[in-house]
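A.B. asks: Below are the sequence and a predicted model for it; my questions follow.
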Amino acid sequence: MKPQLRALIGQGIEALRANGTLPADTLPPDFVVERPKTREHGDFATNAAMLLAKAARSNPRAVAQALVAALPASDDIANVEIAGPGFINFKLAPVAYQREVVSVLKEAEDYGRNLSGNGRSVGVEYVSANPTGPLHVGHGRAGAIGDCIARVLEANGWNAKREFYYNDAGVQIENLAKSVQARARGFKPGDEQWPTEAYNGEYIGDVAKAYLLGQTVDLEGSQIVGAKDAENLEEIRRFAVAYLRNEQNLDLAA
């Protein structure tokens with residue numbers, strides 16, 4: 001209904017220009033049509049009259065009254081009221097809802113879709129958790145939000161590219177490698193030899209165990225094999241990142 005209401009308000013503004021209430025050179029303001037904070041104020045509201053008050057050299061409520069009087073008749077509108085300093089509130093007639101229901105049933109899965117994106121590409125990066133541990137509930141929330149954003153863009157004609165960015169370098173990855181190495185050496189959180197910045201989760205022990213057993217991680221077509229050497233920090237880093245990335249991939253796919 002917002003486009004229909006904007007069109008009616010635009011016609012009302014043109015009528016005010018024609019009858020001299022507004023100067024002939026008045027440009028249509030960038031008014032909004034939005035849901036009021038409470039339903040008691042109607043179904044939609046606009047601030048158009050408040051934005052036109054300066055051009056009309058009048059107070060907003062007087063402009064609102066003139067604009068309401070100039071609005072074209074519409075079967076979609078049951079009632080129009082002026083509120084506060086000059087807001088105009090619209091209450092829709094049942095026929096407006098009924099027509100929308102017919103559109104929903106007729107258009108089915110295409111309802112609400114448009115081609116405003118014109119096939120242009122847009123990147124949506126979300127979750128992007130560092131491969132230093134399992135995904136948690138917060139990551140799941142980000143995944144749901146990011147995917148919804150991508151779906152909305154696609155419904156508006158965009159070619160949405162979803163991206164999960166892995167940061168497998170830097171201090172956090174170095175701490176991951178040292179954590180797994182400490183577990184591989186037989187140390188655990190609380191021991192004197194345990195690194196200060198180490199990750200303390202039980203999953204670190206699982207990674208260290210898999211590495212020492214020489215297990216193979218199949219990561220996106222590449223196979224990374226545990227070297228079984230507790231002193232080879234670079235191999236530990238390589239295996240730990242692959243192990244946790246693979247676990248994250250499985251969670252994301254699920």
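C.D. replies: In hand now; what should we look at?

A.B. asks: number of nearby residues for the residue nearest to residue 187 when sequence neighbours are not counted?
C.D. replies: Of all residues not flanking residue 187 in the chain, residue 193 sits nearest, at 4.7 Å (CB to CB, 6 or more residues apart in numbering). Every residue, glycine included, has its C-beta placed from N, CA and C. Neighbourhood size, residue 193 [other CB atoms under 10 Å]: 9.

A.B. asks: try residue 48
C.D. replies: Residue 48 - counted by other CB under 10 Å - has 25 other residues nearby.

A.B. asks: Tell me how many other residues crowd residue 71.
C.D. replies: Applying other CB under 10 Å, I find that residue 71 has 18 neighbouring residues.

A.B. asks: which residues does it contact?
C.D. replies: Residues in contact with residue 71 (CB atoms under 8 Å, 6 or more residues apart in numbering) are 8, 9, 11, 12, 77, 80.

A.B. asks: now with 6 Å?
C.D. replies: Applying CB atoms under 6 Å, 6 or more residues apart in numbering to residue 71 gives the contacts 8, 12.

A.B. asks: What are the boundaries of the helices in the stretch 51-200 of the chain?
C.D. replies: With DSSP state H, counting those that start in this stretch, the ranges of helices along the stretch 51-200 of the chain come out as 60-70, 94-107, 137-155, 171-184.

A.B. asks: residues in contact with the first one?
C.D. replies: Identification of contacts with helix 60-70 by CB under 6 Å, 6+ apart yields 12, 15-16, 21, 49-50, 52-53, 56, 80, 82, 85-86, 88.

A.B. asks: Could you list the low-pLDDT ranges of the stretch 151-254 of the chain?
C.D. replies: The stretch 151-254 of the chain contains no residues with pLDDT under 70.

A.B. asks: Among the helices of the stretch 51-200 of the chain, which comes closest to residue 228?
C.D. replies: Nearest of those to residue 228, taken as CB to CB: helix 171-184 at 9.0 Å.

A.B. asks: what about dumping the CA coordinates of the closest one to CSV?
C.D. replies: Listed next in CSV are the C-alpha coordinates belonging to helix 171-184 (Å, rounded to 0.1, in the frame of the first residue of the first chain):
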residue,chain,number,x,y,z
VAL,A,171,47.9,-14.3,16.4
GLN,A,172,44.7,-16.3,17.0
ILE,A,173,45.9,-19.1,14.7
GLU,A,174,49.3,-19.1,16.4
ASN,A,175,47.6,-19.5,19.7
LEU,A,176,45.5,-22.4,18.3
ALA,A,177,48.7,-24.2,17.1
LYS,A,178,50.4,-23.7,20.5
SER,A,179,47.3,-24.9,22.3
VAL,A,180,47.1,-28.1,20.2
GLN,A,181,50.8,-28.6,20.6
ALA,A,182,50.6,-28.3,24.4
ARG,A,183,47.8,-31.0,24.4
ALA,A,184,49.9,-33.2,22.1
